[in-house]
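Peer 1: The sequence and its predicted three-dimensional model are supplied below.
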Amino acid sequence: MDPWQVVPTTALTAYRYRHEIQHAWADILRTLRLAGAEVVVTGLPGAGKSVLFDHLSGSGFKESYRLPGPSPHLERKKAHGDRFLVIPGQDSAERLEALDRQVAGNKTLTGLVYVACNGYVTTRRAEAKEVLETELSLERYAALQREREADDLRQVGQFFRRSIREKRRRTWILVVLNKYDLYCLPEDVQAAARSNYEDPNTRFGQALSEITGFIGADNLSVIFWPASGWPEDFKYREHTTLVPSFSLEQRTYSIAMLSQQLRRLTHGNSS
């Protein structure tokens, strides 16, 4: 199955895929616990890390679910089985400490999930949002955020390399292209989004190549995977709004496919 294929709503049932997500998540946590392993999740602030993993764990599908606010601290949620560590995206002493302790110094680390979003980062601070929207077009804003993603990955990669050097075992990086329903149509937009990350000549691709070169291609798997964590409009300037194109069924299906990919990765590193 091509994870980038947009499956028609008529072929999907949200209820069925929620059950698949629950079963996959339980299996992932069981595998990680038996191996005594953990997975680190990181990305820019506003990329949707916490919301995405709330839905992978099932808690995000509850009627009582509310979107979390920005967190400057390391997140180790019970809903995530205490096995997925969400590193804060904001530049801060807390983030550097979390990278040092939970990535570089983590002997139980089995893999890294980097959440990107094709530059559609939600800027939460009103003052910063006003300045950016005044000075930049949406296209330039997204391009700038993709550059920040690449620089952020390069920084995370420095800590990740130290961890792998200590363990000397095979590992993986899963690059999740979140908010996929904002840019999956038309097809040329989808292709452009993929090329912004998968192409080794891009800034993001170069950062990945540096990490792969240090760890070795035989010891590192890099996987790109689309997902849609939350059906939220992306508003930029007064008259520019990107509206998610996925139905509830399509969004749930994308989470289910991501959970299956995570299960494959954690099973592969459980021995």
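Peer 2: Yep, it's here.
Peer 1: remind me which residues of the stretch 151-271 of the chain are low pLDDT?
Peer 2: Within the stretch 151-271 of the chain, the segments meeting pLDDT under 70 span 166-168, 269-271.
Peer 1: need the helices for it, in chain order.
Peer 2: Secondary structure of the stretch 151-271 of the chain, counting by DSSP state H, counting those that start in this stretch: helices at 187-198, 203-215, 248-268.
Peer 1: list the buried ones in the last one?
Peer 2: So that's helix 248-268. 249-263, 265-266 (16 or more other CB atoms under 10 Å). Every residue, glycine included, has its C-beta placed from N, CA and C.
Peer 1: one step back: compare the helices of the stretch 151-271 of the chain and report which one is nearest to Leu32.
Peer 2: helix 248-268 (5.9 Å; CB to CB).
Peer 1: can you give me the offset of the closest one from its chain's centre?
Peer 2: 12 Å (CA atoms, centre = their mean, to the nearest Å).
Peer 1: Check stretch 2-18 too.
Peer 2: 20 Å.
Peer 1: One more: stretch 226-246?
Peer 2: Chain-centre distance of stretch 226-246: 17 Å, with CA atoms, centre = their mean.
Peer 1: if I look at Thr212, how far off is Leu242?
Peer 2: According to CB to CB, to the nearest Å, Thr212 stands 32 Å off from Leu242.
Peer 1: Please apply the same query to Tyr180.
Peer 2: Counting by CB to CB, the gap from Tyr180 to Leu242 is 12 Å.
Peer 1: who has more neighbours, the two?
Peer 2: Tyr180 (26 against 16; other CB atoms under 10 Å).
Peer 1: Report how many residues lie close to the residue lying closest to that one once chain neighbours are set aside.
Peer 2: In space, Tyr180 comes closest to Pro226 once its chain neighbours are excluded; the distance is 3.9 Å by CB to CB, 6 or more residues apart in numbering. For Pro226, the neighbour count with other CB under 10 Å is 24.
Peer 1: SS state for the residue nearest to the spatial centre of the chain?
Peer 2: By CA atoms, centre = their mean, the chain has its centre lying nearest to Val115, at 2.1 Å. Of the three states, Val115 takes strand under DSSP: H, G, I helix; E, B strand; the rest coil.
Peer 1: Report the beta-bridge partner residues of it.
Peer 2: Per DSSP bridges, the residues bridged to Val115 are Val176.
Peer 1: Might you report the residue contacts of it?
Peer 2: Residues near Val115 by CB atoms under 8 Å, 6 or more residues apart in numbering: 41-43, 47-49, 52, 176, 178.
Peer 1: likewise Val189?
Peer 2: Residues in contact with Val189 (CB under 8 Å, 6+ apart) are Tyr183.
Peer 1: hmm, try it at 10 Å
Peer 2: Contacts for Val189 (CB atoms under 10 Å, 6 or more residues apart in numbering) come out as 118, 182-183.
Peer 1: could I get those as CSV with distance to Ala93 and neighbour count?
Peer 2: Output for these, formatted as CSV (distance: CB to CB, whole Å; neighbours: other CB atoms under 10 Å):
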residue, distance to Ala93, neighbour count
Asn118, 29, 25
Leu182, 32, 22
Tyr183, 34, 22
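Peer 1: for those residues, which one is nearest Leu99?
Peer 2: For the contacts of Val189, the nearest to Leu99 is Asn118 (23.8 Å; CB to CB).
Peer 1: ok, and the closest non-adjacent residue to the closest one?
Peer 2: Among residues not flanking Asn118 along the chain, Ala193 sits closest, at 4.6 Å (CB to CB, 6+ apart).
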